[in-house]
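Chemist: pasted the sequence and its predicted model underneath.
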Amino acid sequence: MTAPATVERPHREWDPLPRRRLARRVPGLFAIRAPISPVARWALAVLSVAVPLAAWQVGSVLVDGRPDFLPSPAEAWAAGAEMARSGVLWTDAWATMARVLQGFGLAVLVSVPLGILMGSFRAAQSALEPVIGLLRYLPASAFIPLLIIWLGLGEPSKIALLFIGTIFFNTLMTADAVRQVPIALIDVSYTLGARRGEVLRKVIVPGALPGMLDAIRVNAAAAWNFVVVAELIASESGLGYRIVRAQRFNQIDRIFAVLVVIAVIGLAIDLLLRLTRDRVGRWV
């Protein structure tokens with residue numbers, strides 16, 4: 001028998017690869033995830049506040065110094081100092097913080113256990129995720145008429161609005177944080193003789209705690225938005241109420257002062273939660 005003849009394939013000429021220029025050295029400030037010096041970090045932090053303040057000052061000058069349209073930072077500061085001396089600013093700030101602590105605190109107490117269940121057990125995820133995923137797309141502000149009808153104009157309706165506006169998102173974000181715990185840690189725990197409850201308490205919850213605190217940080221900002229919206233309607237105290245009252249008398253400088261107070265309190269809460277996350281989740 002003769003060997004089959006081999007078929008010669010035509011030789012293909014490949015185009016030469018394009019030659020790329022050597023990448024230029026990128027300064028440390030613009031390198032991806034590169035550390036920067038403490039001096040640069042503080043300088044950038046100061047600029048992040050100074051630039052908006054300068055733009056605010058320039059804008060107030062461009063409108064011919066009309067405090068009834070856009071007051072300057074100094075005028076807003078003077079209005080805030082006046083409200084602080086009279087005591088109304090502290091009263092309103094505490095009223096708003098108390099509502100956030102009650103409404104968002106209740107949402108955290110409910111959403112964290114639900115998120116742990118959804119992230120740990122597929123059965124809980126299948127039973128709860130569809131309905132929670134559906135409800136989270138309902139705007140919380142749309143519940144205001146119903147809450148007024150059901151709970152009246154007092155504090156319960158405002159606390160319920162905060163609860164509805166944050167519980168669904170915090171539940172899903174907590175479940176995502178729990179699912180980020182490596183499955184290898186869970187398998188090793190079972191191999192070493194741990195039981196289901198011990199795995200939940202000693203592996204899953206500590207491993208997901210930093211992510212859960214990050215979820216609380218994000219949704220705390222949403223809680224501040226909702227509490228101001230709640231106080232804009234039929235309220236007798238709070239920072240949102242103070243904004244509406246200032247609007248009635250065309251006191252724009254007071255509105256800006258209250259907005260600055262809201263931003264400062266929100267930033268303080270965010271920093272506190274961030275420091276707590278870094279401390280309790282240092283080993284992660």
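Modeler: Yes, it's here. Numbering: from 1, shown residues only.

Chemist: once you drop chain neighbours, what's closest to D214?
Modeler: Leaving aside its chain neighbours, D214 sits nearest to R277 (6.4 Å; criterion: C-beta to C-beta, 6 or more residues apart in numbering). C-beta coordinates here come from the backbone N, C-alpha and C atoms, glycine included.

Chemist: check S60 too.
Modeler: Per C-beta to C-beta, 6+ apart, closest to S60 is S72, 4.1 Å.

Chemist: need phi/psi at the one you found.
Modeler: phi -80, psi 160 (degrees, to the nearest 10).

Chemist: which ones are touching the residue nearest to D214?
Modeler: The contact partners of R277, by C-beta atoms under 8 Å, 6 or more residues apart in numbering, come to L209, P210, L213, D214, R217.

Chemist: among those residues, which are in helices?
Modeler: Among the contacts of R277, the ones falling in helices (DSSP state H) are L209, P210, L213, D214, R217.

Chemist: and the last one, how many neighbours does it have?
Modeler: What it means is R217. Using other C-beta atoms under 10 Å, the number of residues around R217 comes to 17.

Chemist: I'd say it and L272 touch.
Modeler: No - checked against C-beta atoms under 8 Å, the pair R217 and L272 is beyond contact range at 9.4 Å.

Chemist: center of the protein, which residue is that?
Modeler: Against the mean C-alpha coordinate of the chain, by C-alpha atoms, centre = their mean, the closest residue is V218 at 1.8 Å.

Chemist: which helices and strands does the host helix or strand of A81 pack with?
Modeler: Per DSSP states H and E, A81 falls inside helix 73-86. On a contact count with 3 or more C-beta pairs under 8 Å, 6 or more residues apart in numbering; DSSP states H and E, helix 73-86 meets helix 38-62, helix 88-120, helix 252-280.
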